[in-house]
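K.L.:
Here is the input, now give the coordinates:
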Amino acid sequence: MLAMSLPIACSTSCTLLGDCFSIAANSRKLLMVAGGLGIAPLRFLAHRAGRKGYAVTLLLGAPTAEQLYPQSNLTSDMELRTVTED
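P.N.:
Prediction:
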């Protein structure tokens, strides 16, 4: 999301406290893609966005089904699609 709106060779920073992501005001549907540890920040963003009324779809990948992030740790107000290599 954020990276798609940055020009080439631009740098940005993200703090551990506060908002690291911005969502365009006219957005209604959010597609988030994560694999492995990449789920960490998106888990909280997806939960927050869902509570604010956005339709959230999360694509989650891992090498094997056993390595997928536990679905029980995700909120039920998002559409979850999983992909594995096995």
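
K.L.:
CA atoms for contacts and neighbours, from now on please.
P.N.:
Will do.

K.L.:
Dump the least confident helix or strand in the chain by mean pLDDT to CSV, keeping only the CA atoms.
P.N.:
Lowest mean confidence among the helices and strands of the chain (mean pLDDT, DSSP states H and E): helix 39-51, at a mean of 86. Once non-C-alpha atoms are left out, helix 39-51 reads as follows in CSV (Å, rounded to 0.1, in the frame of the first residue of the first chain):
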residue,chain,number,x,y,z
ILE,A,39,2.0,-11.0,9.0
ALA,A,40,3.0,-9.2,12.2
PRO,A,41,2.2,-5.6,11.3
LEU,A,42,-0.6,-6.5,8.9
ARG,A,43,-2.5,-8.5,11.6
PHE,A,44,-3.0,-5.3,13.6
LEU,A,45,-3.7,-3.1,10.5
ALA,A,46,-6.3,-5.7,9.3
HIS,A,47,-8.1,-5.8,12.6
ARG,A,48,-8.1,-2.0,12.9
ALA,A,49,-9.3,-1.5,9.3
GLY,A,50,-12.1,-4.1,9.8
ARG,A,51,-13.3,-2.3,12.9
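
K.L.:
next one: the helix or strand following that helix to chain centre, how far?
P.N.:
Next in sequence after helix 39-51, counting helices and strands by DSSP states H and E, comes strand 55-62. Averaging C-alpha positions (CA atoms, centre = their mean, to the nearest Å) puts strand 55-62 7 Å from its chain's average.

K.L.:
Please tell me how far the helix or strand just after strand 55-62 is from the chain's geometric centre.
P.N.:
Scanning forward in sequence from strand 55-62 by DSSP H and E, the next helix or strand is strand 79-84. Distance of strand 79-84 from the chain centroid (CA atoms, centre = their mean) equals 12 Å.

K.L.:
now swap in stretch 77-86 and tell me
P.N.:
Worked out by CA atoms, centre = their mean, stretch 77-86 lies 12 Å from the chain centre.

K.L.:
Can you list the buried residues in that stretch?
P.N.:
Going by neighbour count (16 or more other CA atoms under 10 Å), the buried part of stretch 77-86 is 77, 78, 82.
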